[in-house]
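Peer 1: sequence first, predicted coordinates after that:
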Amino acid sequence: MKRSWCFIGLLLAIASATVFQTVLGGDDDDDFEDEGSPEVEDSTPEEPPPPPRERPVYVPPVAKGNSFFSEAFESESAFLKKWVVSQSKKDGTDEAISKYDGRWSIEEPVDNPLKNDLGLVLKSKAKHHAASALLKKPFDFTGKPFIVQYEVKFQEGQECGGGYMKLLSKSNELNLNKFNDKTPYTIMFGPDKCGNDFKLHFIFRHKNPVTGAYEEKHAKKPSGSLESYFSDKKTHLYTLVVKPDNSFEIYVDQSLVNSGSLLNDVSPPVNPPKEITDPDDKKPKDWDERERIADPDAVKPSDWDESEPEMIEDADATKPEGWLDDEPELIPDPAAEKPSDWDEDMDGEWEPPMITNPKCESSPGCGEWKRPEIKNPKYKGKWHAPMIDNPNYKGKWSARMIPNPDFFEDLEPFKMTSIGAVGLELWSMSDNILFDNIIITDDKAIADQWAADSWVLKNSEELSGSIAGGVVQSIIDATHERPWLWAVIIVVIILPIVLLIAYCCMSPSKPDEVAMRKKTDDPSADGDIPDEDENPSEQTGLVDDDDDNGGGEVEEGGEPSAKKPTKGDLEATSDKVSAGKKEEKPEHGDAKEEDNSEDEQGGSADRDSLLDKPKPGKKKSKKTN
């Protein structure tokens, strides 16, 4: 029965784990299925281990359709022809750290899932890096969406720094050799982190149609956790889609993580308010904002005595009998000893610790007795005039509203400044940040196909190389986004496992000694067979049959057991066995009938184990005895 419950508990634990995977959202499971995770083949210990899984050979993706920029970083020579490494300096910083002297390299990732796949790697820690490249043709924000997509892999994790990209504004003054943090950009997009502040930037510079000034507009933060993108050391795909209807969408690994409107979901808002408070408006001197005031006509009553204290001694109190006035409440501990390493020059004069006076414990109290204090019935406290409504109250003052002189209404913020180049302008406290497979297009299907030919294959290989770690990491990521899942984990997975272990392993049942003797035909010592009144269920024919070790067993009272088979019964049984009638059951009188009845109700397992094996040796022994 216990094994059955253990088996049922194990099934419940497995089912609970399956339910928990469903609770996680199913996205990770879909990824494993869609990305073709390899199945683990069973192998016997005798068979040699399977050979290492062959990595696919990298094939550079080809941009199909209308693309404005595409880069797969296939070689260092191609990079140097297309990209410009900045030689600029950062304004407002110390000369020693102002130069953009961080190194770039075209190389394979440290853990490369695809053979011969290269990427652009930021190599210097705590250095300024800047590299940029012109688009094949400028992107004009007209009637088609803007899509930028690229891969980032923080191979060493990230302490403080970014992996974002700048889409540089088209301008006749654009000089890629002088590209720095002041170079005008239209959009900045990508991951950024410092300490525990995780960001996924989408910033666009909006031009004020009245003043011509540019102002940065920051999209709202994604609701989910971003931590794993910086710590799991895997390649992540970042996609930004900005549509002509002023909506935007942000994807990470082809999953939507943020969306909104350029008009409503950015800070500060694109359009300023129509009215503003008048900066020149001042509150009048006679403006009374007090809603209630002290009654000026109120007079303190003549009998109001402010000198009476709040508490006075209880004049009716008497000192309890047995109060020890001459005994202190605390005394030095007579059992305390000065530590052997006590240095009076350094530690001062040693004094034993104080303990409660034991004499005070058996008396009402010790020391000087003082009368307890009670509330003073004459106390009234300081007099204050009652509060009344202020007849001169005018309400809270606020400056008047006036038309906003800088007001404008731009209902098409999508129409941003045209983009002429793409750039990476970064500073990081972690090195070996890899960038790869950049594409800029006006068709989401083109970006998806580009990803299918590059990132999807790469991600599938990365996941297949660490399935177990991916599952654990996905659970951790899910709890970051939804902390209440810890309660689900405890109730659905941990608690059933703990209960299962406690039931099956930590409290094993005591073996039934009588049953063991029945199976092994061991003799029973006198008094081992329980009295009929103590445990009637064990006084069956089977127990009598096995406990019979030569007949003549006597109960404690000295009288033969009524349930014991007689010698004639044993000899009759032995004759039947020797005659080949093994299928017939030995008769043991009324006791055997009781045994059969009880076995049919609940002891079939013990009965079968005994009846299926005739015991000629045992019977022979009984006959001899």
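Peer 2: Perfect, I can see it now. What you see is a predicted model; the values in this text were computed from it and never measured.

Peer 1: any low-confidence regions in this structure?
Peer 2: 1-53, 465-486, 503, 505-625 (pLDDT under 70).

Peer 1: show me what contacts residue 151?
Peer 2: 119, 235-238, 434-437, 454-455, 458 (C-beta atoms under 8 Å, 6 or more residues apart in numbering). Every C-beta, even on glycine, is put in place using the N, C-alpha and C of the backbone.

Peer 1: equivalent analysis for residue 399, please.
Peer 2: Counting by C-beta under 8 Å, 6+ apart, residue 399 makes contact with 277-279, 281.

Peer 1: again, but for residue 451
Peer 2: Taking C-beta under 8 Å, 6+ apart as the definition, contacts of residue 451 comprise 149, 237, 239, 254, 437.

Peer 1: next one: residue 304
Peer 2: 380, 383.

Peer 1: could you check how far it is from residue 76?
Peer 2: As for residue 304, its distance to residue 76 is 95 Å (criterion: C-beta to C-beta, to the nearest Å).

Peer 1: wait, residue 247 sits on residue 263?
Peer 2: No: with contact defined as C-beta atoms under 8 Å, residue 247 and residue 263 do not form a contacting pair (9.3 Å).

Peer 1: okay, helices next: where are they in the stretch 101-250 of the chain?
Peer 2: 227-231 (DSSP state H, counting those that start in this stretch).

Peer 1: where do the strands sit along it?
Peer 2: Remark: strands assigned in the stretch 101-250 of the chain by DSSP state E, counting those that start in this stretch are 104-107, 119-122, 127-139, 146-154, 160-162, 165-169, 185-194, 197-207, 214-219, 236-242, 247-252.

Peer 1: so which of those strands is nearest residue 271?
Peer 2: Smallest distance to residue 271 across those (C-beta to C-beta): 9.6 Å, for strand 197-207.

Peer 1: alpha carbons only: can I get that closest one in PDB?
Peer 2: Only the C-alpha atoms of strand 197-207 are listed here, as PDB (Å, rounded to 0.1, in the frame of the first residue of the first chain):
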ATOM      1  CA  ASP A 197      19.400  49.800 -13.600                       C
ATOM      2  CA  PHE A 198      18.500  47.800 -16.700                       C
ATOM      3  CA  LYS A 199      17.200  49.700 -19.800                       C
ATOM      4  CA  LEU A 200      16.100  49.100 -23.300                       C
ATOM      5  CA  HIS A 201      16.400  52.500 -24.900                       C
ATOM      6  CA  PHE A 202      14.100  53.900 -27.600                       C
ATOM      7  CA  ILE A 203      14.900  57.600 -27.800                       C
ATOM      8  CA  PHE A 204      14.000  59.900 -30.800                       C
ATOM      9  CA  ARG A 205      14.900  63.500 -31.300                       C
ATOM     10  CA  HIS A 206      11.900  65.600 -32.100                       C
ATOM     11  CA  LYS A 207      12.200  68.900 -33.900                       C
END
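
Peer 1: could I get the contacts of residue 399 in TSV, plus columns for neighbour count, secondary structure and distance to residue 168?
Peer 2: Listed next are the contacts of residue 399 as TSV, based on neighbours: other C-beta atoms under 10 Å; DSSP: H, G, I helix; E, B strand; the rest coil; distance: C-beta to C-beta, whole Å:
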residue	neighbour count	secondary structure	distance to residue 168
277	12	strand	38
278	11	coil	41
279	8	coil	37
281	12	coil	44
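
Peer 1: save these as CSV, and put in distance to residue 180 too.
Peer 2: Rendered in CSV, the data for the contacts of residue 399 read as follows (distance: C-beta to C-beta, whole Å):
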residue, distance to residue 180
277, 39
278, 41
279, 36
281, 43
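
Peer 1: can you tell me how far the nearest residue to residue 401 once chain neighbours are set aside is from residue 210?
Peer 2: Computed as C-beta to C-beta, 6 or more residues apart in numbering, the closest residue to residue 401 that is not its neighbour in sequence is residue 275, at 4.4 Å. Going from residue 275 to residue 210 by C-beta to C-beta gives 16 Å.

Peer 1: pull the number of nearby residues for the residue lying closest to residue 139 once chain neighbours are set aside.
Peer 2: Setting aside the residues directly before and after it, residue 139 is nearest to residue 419 in space (C-beta to C-beta, 6+ apart), at 4.4 Å. The number of residues packed near residue 419 is 24, by other C-beta atoms under 10 Å.

Peer 1: remind me which helix or strand residue 439 belongs to.
Peer 2: Residue 439 is part of strand 433-441, with elements assigned from DSSP states H and E.

Peer 1: paired strands for that strand, with orientation please.
Peer 2: Strand pairing for strand 433-441, using DSSP bridges, gives strand 67-71 (antiparallel), strand 119-122 (antiparallel), strand 146-154 (antiparallel).

Peer 1: out of those strands, nearest to residue 60?
Peer 2: For residue 60, the closest of these is strand 67-71, at 9.8 Å, according to C-beta to C-beta.

Peer 1: so what's the residue nearest to residue 139 bridging to?
Peer 2: On the basis of DSSP bridges, residue 419 takes part in beta bridges with residue 139, residue 169.

Peer 1: hang on, the earlier thing: adding distance to residue 407, write the strands paired with strand 433-441 out as CSV.
Peer 2: As requested, the strands paired with strand 433-441 are arranged in CSV below (distance: least, C-beta to C-beta, whole Å):
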stretch, distance to residue 407
strand 67-71, 35
strand 119-122, 44
strand 146-154, 28
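
Peer 1: list the contacts for residue 394?
Peer 2: With contact set as C-beta under 8 Å, 6+ apart, residue 394 has these partners: 287-289.

Peer 1: tell me the one among the residues you listed nearest to residue 428.
Peer 2: Distances from the contacts of residue 394 to residue 428 were compared by C-beta to C-beta; the smallest belongs to residue 289, at 53.1 Å.

Peer 1: can you tell me the helix or strand for the closest residue to the closest one other than its chain neighbours?
Peer 2: Residue nearest to residue 289 in three dimensions, not counting chain neighbours: residue 396, with 5.8 Å by C-beta to C-beta, 6+ apart. When secondary structure is defined using DSSP H and E, no element contains residue 396, which sits outside every helix and strand.

Peer 1: wait, residue 396 touches residue 290, no?
Peer 2: No: with the criterion set as C-beta under 8 Å, residue 396 and residue 290 do not qualify as a contacting pair; they are 10.6 Å apart.

Peer 1: comparing these two, which residue is more hemmed in?
Peer 2: Neighbours per residue (other C-beta under 10 Å) separate residue 396 from residue 290, with residue 290 holding more: 11 against 8.

Peer 1: please name the nearest non-neighbouring residue to that one.
Peer 2: The shortest distance from residue 290 to any non-neighbouring residue, by C-beta to C-beta, 6+ apart, is to residue 390 (5.1 Å).

Peer 1: let me see the contact set for that neighbour.
Peer 2: Under the criterion of C-beta under 8 Å, 6+ apart, the contact partners of residue 390 comprise 288, 290-293.

Peer 1: in strands only, show me those residues.
Peer 2: When DSSP state E defines the strands, the subset of the contacts of residue 390 inside them is 292-293.

Peer 1: picking that back up, among the contacts of residue 394, which one has the most neighbours?
Peer 2: Looking at these with neighbours defined as other C-beta under 10 Å, the largest count falls to residue 288 at 14 neighbours.
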